[in-house]
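Novice: can't give you the sequence, but here's the structure:
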């Protein structure tokens with residue numbers, strides 16, 4: 001998987017895991033496994049959550065994570081383009097992550 005795909009996978013997992021309350025690594029990892037039938041590595045989780053936090057999509061409180069307003073808006077935008085089909089939402093998020101990365105390179 002490419003970097004944007006991994007980040008978007010963890011982003012979507014964080015969105016689902018933190019719907020009711022901020023989520024820890026274990027909760028995010030369990031959701032990620034359900035989405036992709038693979039357990040993300042510690043490195044994938046840490047790198048993705050660091051990127052998402054630095055770019056304003058996720059906030060960290062102690063050892064738990066939740067979406068920012070900007071992150072929630074991006075999730076809703078992806079959902080609106082895909083009829084809420086999880087793999088399609090993931091794909092839309094990967095495109096948005098790639099666009100964000102490209103804007104920062106300019």
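Specialist: It's in. None of the values given here were measured: they were computed from a predicted structure.
Novice: buried set for the lengthiest helix in the chain?
Specialist: Longest helix in the chain, counting residues (DSSP state H): helix 86-105. Buried residues in helix 86-105, counted by 16 or more other C-beta atoms under 10 Å: 89-94, 96-98, 100. Quick note: C-beta positions are derived from backbone N, CA and C, even for glycine.
Novice: mind putting those residues in JSON lines, pLDDT and distance to residue 30 included?
Specialist: Formatted as JSON lines, the buried residues of helix 86-105 follow (pLDDT from 0 to 100; distance: C-beta to C-beta, whole Å):
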{"residue": "89", "pLDDT": "96", "distance to residue 30": "18"}
{"residue": "90", "pLDDT": "96", "distance to residue 30": "16"}
{"residue": "91", "pLDDT": "96", "distance to residue 30": "22"}
{"residue": "92", "pLDDT": "95", "distance to residue 30": "23"}
{"residue": "93", "pLDDT": "97", "distance to residue 30": "19"}
{"residue": "94", "pLDDT": "96", "distance to residue 30": "21"}
{"residue": "96", "pLDDT": "94", "distance to residue 30": "24"}
{"residue": "97", "pLDDT": "95", "distance to residue 30": "22"}
{"residue": "98", "pLDDT": "94", "distance to residue 30": "26"}
{"residue": "100", "pLDDT": "90", "distance to residue 30": "26"}
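Novice: touching the longest helix of the chain from outside, list them.
Specialist: 2-5, 7-9, 11-12, 35, 55, 74-75, 77-79, 81-82 (C-beta atoms under 8 Å, 6 or more residues apart in numbering).
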